[in-house]
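Peer 1: dropping a prediction and its sequence here:
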Amino acid sequence: MNVTVFAETAGELLLGENHIHFVIEDFSSATNIQGYAGTRLNSQHVCTSVDDLVEIHKRRYQLKDNALELFLLDGRTFLFAFNTQKDRKAVHEELARHNLPNLVDTNHLDRVQKQWLDGAINNFEYLTQLNKMAGRSFNDLMQYPVFPFILSQYDGENLDLQDVKVFRDLEKPIAVQDRSKEQHYVARYQYLKEEYDRNRGSQRPLSMVPEPYHYGSHYSNSGIVLHFLVRLPPFTMMHLKFQDNNFDIADRTFHCLQTTWQLSSSQSTTDFKELIPEFFFLPDMLVNEQGFELGVRQNGERVHHVALPPWCRNDPRLFVLIHRQALESDYVTRNLHQWIDLVFGFKQKGKSAISAVNVFHPATYFGVNVEAIQDATQKLALQTMIKTYGQTPQQLFKNPHPQKSVRATFGERVVPGPLAEISGLKWGTYVGSPALQEPLVVSRHKYQTLIGSFVVLPSGDVCGIGTSETLIYRLSKSKAKSVQVGMLATLSWNHADNLIRIRQQKNGTVLNLLRHDFHDKVTCGAAAGGYKLLIVCGDTGVVTVYRLAYNERKLCEMVVCDEPVRLYGHGAAITALCISDAFRICATVDASGACIVWDLNRLCYIHGYKAHRDPVLAVSISETLGYIASVSYTGSVGSMAVHNINSKHIGTIQTEIAICCVCFSTSLEGVAINVIAAGMQDGSIRMWNTWDLQLVRQLAPSIAGSPITCLAFSSSAHSLYSVNSDGCLFIWQRLGKSHDQEEAAFTPLMHS
């Protein structure tokens, strides 16, 4: 069975030599299955390459240890529930026998914990990893990832993230944040324990005489997830199905964060919720963009957008950004281990759970034996409980989780953030950060061949390529399991014969790779996923996608698979494009001022918008936020439009001189306020913060005047690479280099 949040699709899983096939029993009912790039779909089956497998996790489904979840290179996941554990074991062992080039080790709890304690990953990433290892899945609403309520203050005009009073008590379960409520749950447990002890010797089934518990409901289940995501299709339709094709009563609908906190933490003895990850990255869930009629509350207020705290200016985008910083605050970092003990650790079960007032209904724990119940009615009742009450995560830690110490960040100063209402925000330590001193040029070199663009490889290397070129690469794993580039080549176009040629960097061999449409002059191109998709744009406005495959037996090591996919939407010549592997999207801009966003998994149109009145010269996508910045100019006046990933306009920046290129800094959200860096016509570099688009830094090389033609931050964001129209490369770095900062490194791959 293929399990998604939308449906359970019965079928048969087949493993071939090179592909995984899921054959659907009744295709007419499998409306949730869609076609993807690299995943062929017809009336018989779905097929994906085994080479794309990155992770394989054993999973539980409905408290049965009988499922597998497969993680693919492009970010997609598949959850398969088998009839028996034996079937799951057979499939898992067969997959293990394959030579899977991209598979990573998933048995790394100790390593991930150490990374967090050492500061190599942040709180958000650590919680994400713990959820994954505890069996939580975005494919299963009953085991949806769970995140903690962080803040306790959702009123007032100001918020101080350095004040411990604005945070919830992470040592206590969400239901007993008000200590006066604790006795109520303790008394319930004691009463149920006495009942259980009296009936222990009887033959009555578990569903009638359950083991004692503090809480009859759970902090995470399908109803809670749909409650929070009710405004966001397709979860809206699932919510309606859950509520017999009606929205919930207006007063019970998610309408106000302050109310949700009060109910969860103190005012209700049945409605206590922790949060879902979307509260830290998805402002769209707080906005009723579709205009759903969610009803009228008893006080006469119509339920529409979620009411937000005054300190975020009632702006969903700002709330999520601030909330993410709250998750990474010093207080949460020092105390997060206590919440982990409750949800994933030693306080989840046994005497420690009883002492912590943290015991839930027994139907939410793994180990419930439904088959042992003989009475059909009671068996159905227990099965219903399992499907609706919620499921406690798998226990990861049997001992208290170590506390993380908070270290001072090297060279970082205390500087007010972009919002006057919020104190204690962190700017981060990327080059150009307002919290650091002005960076210095540590390297300057002039190249005879112009650099058209920079490519930052996953290995951390930064490469420069020519103006009519793009870079493709294939990663390999060393014995130390570090990321290394195994194959590196440049693709070039604008040749007289309209051929796209490949040059292998290891031997300099130049070969013909493919012939592009002779009537479509190539204007720009780029590769997604290293090499798997080559996206070529032309003066006809057509986006052409070629699928490439690695073949070491070929001289060029690359082959073109299948027929190209052509995407239509532009009405003018395409002038630039940008690919985001993190979000699996591509943004293309054209001479009419339009921008279109494409889905790289499904190879289809997502949405488009008019970004400018004049031709767009450059476009960039933030790999941390999904924001899209596009650049245009009229005469000598520059214009930069910033939109979110769903095409909502965030703001426009006007400059007195033209902007030539643009890029985003790449520091982790929550521990930094990233910037948009722009190369200017006068040779300077300007930086605006991504929160309110205010100018925070301006850099000028000692020899100014020539326009900056391309920019890129290193993967760590500790270095900034820029090149001007004279071919002069500048490498900027933070002043006061710390021990973990990489040396300035650059590999020129331009060819005349």
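Peer 2: Received, thanks.
Peer 1: what's the neighbour count on residue 349?
Peer 2: Counted by other CB atoms under 10 Å, the residues lying close to residue 349 total 15. Bear in mind the C-beta positions are built from the backbone N, C-alpha and C, glycine included.
Peer 1: can you name the residues that contact it?
Peer 2: Going by CB atoms under 8 Å, 6 or more residues apart in numbering, residue 349 touches 365, 395.
Peer 1: which non-adjacent residue is nearest residue 421?
Peer 2: residue 311 (4.6 Å; CB to CB, 6 or more residues apart in numbering).
Peer 1: burial count for that neighbour?
Peer 2: Residue 311: 22 surrounding residues under other CB under 10 Å.
Peer 1: could you do residue 198 as well?
Peer 2: Neighbour number of residue 198 under other CB under 10 Å is 10.
Peer 1: try residue 582
Peer 2: Residue 582 has 14 nearby residues by other CB under 10 Å.
Peer 1: I'd say it and residue 623 touch.
Peer 2: Yes: in this structure residue 582 lies within contact range of residue 623 using CB atoms under 8 Å: 4.5 Å.
Peer 1: how near is residue 78 to residue 53?
Peer 2: Separation of residue 78 from residue 53 (CB to CB, to the nearest Å): 10 Å.
Peer 1: overlap in contacts, those two.
Peer 2: Residues touching both residue 78 and residue 53 (CB under 8 Å, 6+ apart): 70, 72.
Peer 1: now the element after the helix or strand of the chain with the lowest mean pLDDT, going C-ward?
Peer 2: In the chain, no helix or strand scores lower on mean pLDDT, DSSP states H and E than strand 40-41, which sits at a mean of 40. Where DSSP states H and E defines the elements, the next helix or strand beyond strand 40-41 is strand 45-49.
Peer 1: coming back round to it: for the residue nearest to residue 421, which three-state class applies?
Peer 2: helix (DSSP: H, G, I helix; E, B strand; the rest coil).
Peer 1: ok, it - contacts?
Peer 2: Applying CB under 8 Å, 6+ apart to residue 311 gives the contacts 156, 157, 158, 159, 322, 421, 422.
Peer 1: just give the closest residue to the third one, not the sequence neighbours.
Peer 2: The reference is to residue 158. That would be residue 421: by CB to CB, 6+ apart, it lies 5.1 Å from residue 158.
Peer 1: does that neighbour really touch residue 315, like I thought?
Peer 2: No: judged on CB under 8 Å, residue 421 makes no contact with residue 315 at a distance of 10.8 Å.
Peer 1: list the residues that contact residue 402.
Peer 2: 113, 117, 337.
Peer 1: per-residue pLDDT of the residue nearest to residue 158, please?
Peer 2: At residue 421, the model reports a pLDDT of 96.
Peer 1: please apply the same query to the one 5 residues further on.
Peer 2: For residue 426, the pLDDT comes out at 95.
Peer 1: neighbours around it, how many?
Peer 2: 22.
Peer 1: and residue 554, by the same measure?
Peer 2: Here the number of neighbours of residue 554 (other CB under 10 Å) works out to 11.
Peer 1: check the one 4 residues further on too.
Peer 2: For residue 558, the neighbour count with other CB under 10 Å is 22.
Peer 1: how about the contacts made by the nearest residue to it once chain neighbours are set aside?
Peer 2: Of all residues beyond its chain neighbours, the one nearest residue 558 is residue 548 (5.4 Å), with distances taken as CB to CB, 6+ apart. If a contact means CB under 8 Å, 6+ apart, then residue 548 has 472, 527, 531, 532, 533, 534, 558, 559, 560, 561 as its contacts.
Peer 1: could you pull out the strands for the stretch 151-300 of the chain?
Peer 2: With strands called from DSSP state E, counting those that start in this stretch, the stretch 151-300 of the chain shows them at 159-160.
Peer 1: again, but for the stretch 551-700 of the chain
Peer 2: 558-567, 574-580, 585-590, 594-599, 604-610, 616-621, 628-634, 637-643, 649-655, 659-664, 675-680, 685-689, 695-699.
Peer 1: relative to strand 604-610, how tilted is the longest one?
Peer 2: The directions of strand 558-567 and strand 604-610 differ by 60 degrees, with axes from the mean of the first three to the mean of the last three CA atoms, to 10 degrees as the criterion.
Peer 1: quick one, helices of the chain?
Peer 2: 85-97, 109-117, 123-133, 182-199, 222-228, 235-242, 257-262, 316-327, 330-343, 350-355, 376-388 (DSSP state H).
Peer 1: tell me the confidence at the closest residue to residue 684 other than its chain neighbours?
Peer 2: The shortest distance from residue 684 to any non-neighbouring residue, by CB to CB, 6+ apart, is to residue 700 (4.4 Å). pLDDT for residue 700: 86.
Peer 1: residue 700: how many residues sit nearby?
Peer 2: Other residues within reach of residue 700, judged by other CB under 10 Å, total 13.
Peer 1: list the contacts of it.
Peer 2: Contacts of residue 700 (CB under 8 Å, 6+ apart): 683, 684, 685.
Peer 1: got a list of what the last one touches?
Peer 2: It stands for residue 685. So residue 685 contacts 432, 677, 678, 679, 698, 699, 700, 708, 711, 720, 722, 732 (CB under 8 Å, 6+ apart).
Peer 1: of those residues, grab the buried ones for PyMOL.
Peer 2: To isolate the buried ones among those in PyMOL, judged by 16 or more other CB atoms under 10 Å, type:
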select buried, resi 432+677+678+679+699+708+711+720+722+732
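Peer 1: mind picking the one among the contacts of residue 685 that's closest to residue 565?
Peer 2: Taking CB to CB as the measure, residue 565 lies nearest residue 711 of these, at 30.5 Å.
Peer 1: okay, the residue lying closest to residue 57 once chain neighbours are set aside and residue 188: tell me how far apart.
Peer 2: Closest residue to residue 57 apart from its sequence neighbours, by CB to CB, 6+ apart: residue 69 at 4.7 Å. From residue 69 across to residue 188, the span is 35 Å (CB to CB).
Peer 1: of these two, who's got more company?
Peer 2: Higher neighbour count among residue 69 and residue 188: residue 69, with 22 against 17, using other CB under 10 Å.
Peer 1: that one contacts residue 54, doesn't it?
Peer 2: No: with contact defined as CB under 8 Å, residue 69 does not reach residue 54; the gap is 11.3 Å.
Peer 1: quick one: low-confidence ranges for this protein?
Peer 2: 27-45, 201-209, 408-412, 477-483, 701-704, 736-744, 752 (pLDDT under 70).
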